[in-house]
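Peer 1: Generate a structure from the sequence data that follows.
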Amino acid sequence: MAWTADQPSVAAPIVGARTLTHLTENLGAAELHLDADTTAALNTVSAPQHGGYPYGGLGTAQRSRDFHGSKAQANLIDGGSDAPLGHA
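Peer 2: Now for the predicted structure:
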């Protein structure tokens, strides 16, 4: 939660607490300040990766699903390519 709150594009992190303990722990993140090394490590593991949705297997399955009762191939992204846009 502390890392999320420190991201410049995040206006407010969403707390998903099911118990009072969860809520208390999540609210404690407001007082937590991460050091530069921890922040850098979290930034590294959270960076977007190529090959995921919508370009990987799940995206391919979505482009070939039924549309209005037919088995039409939906070439929605870059002519149906599994490569990210701009990468043939």
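
Peer 1: check contacts around the nearest residue to V15 once chain neighbours are set aside.
Peer 2: In this structure, V15 finds its nearest non-sequential neighbour in N26, 4.5 Å apart by C-beta to C-beta, 6 or more residues apart in numbering. Bear in mind the C-beta positions are built from the backbone N, C-alpha and C, glycine included. By C-beta atoms under 8 Å, 6 or more residues apart in numbering, the residues touching N26 are M1, V15, G16, A17.

Peer 1: Next: T24.
Peer 2: Shown here is T24, which makes no contacts under the criterion C-beta under 8 Å, 6+ apart.

Peer 1: Would you check how far apart it and A40 are?
Peer 2: With distances taken as C-beta to C-beta, to the nearest Å, T24 is found 28 Å from A40.

Peer 1: mind showing which ranges of the protein have poor pLDDT?
Peer 2: 49-88 (pLDDT under 70).

Peer 1: Just the CA atoms of the helix or strand hosting N43, as CSV, please.
Peer 2: Counting by DSSP states H and E, the element that carries N43 is helix 36-46. Output of helix 36-46 as CSV, limited to C-alpha atoms (Å, rounded to 0.1, in the frame of the first residue of the first chain):
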residue,chain,number,x,y,z
ALA,A,36,15.1,4.1,-2.2
ASP,A,37,16.3,0.5,-2.5
THR,A,38,13.0,-1.0,-1.6
THR,A,39,11.1,1.4,-3.9
ALA,A,40,13.5,0.6,-6.8
ALA,A,41,13.0,-3.2,-6.2
LEU,A,42,9.2,-2.9,-6.3
ASN,A,43,9.4,-0.7,-9.4
THR,A,44,11.5,-3.4,-11.1
VAL,A,45,9.2,-6.3,-10.4
SER,A,46,6.1,-4.2,-11.2
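
Peer 1: counting contacts, what elements does that helix pack onto?
Peer 2: In terms of contacts (3 or more C-beta pairs under 8 Å, 6 or more residues apart in numbering; DSSP states H and E), helix 36-46 is packed against helix 2-5.

Peer 1: Got the domain ranges for the protein?
Peer 2: Domain segmentation of the chain under automatic domain parsing yields 2-46, 50-88.

Peer 1: From the opening residue of the first one to its closing one, how far?
Peer 2: Yep, that's domain 2-46 we're talking about. Using C-alpha to C-alpha, to the nearest Å, the end-to-end distance of domain 2-46 comes to 14 Å.
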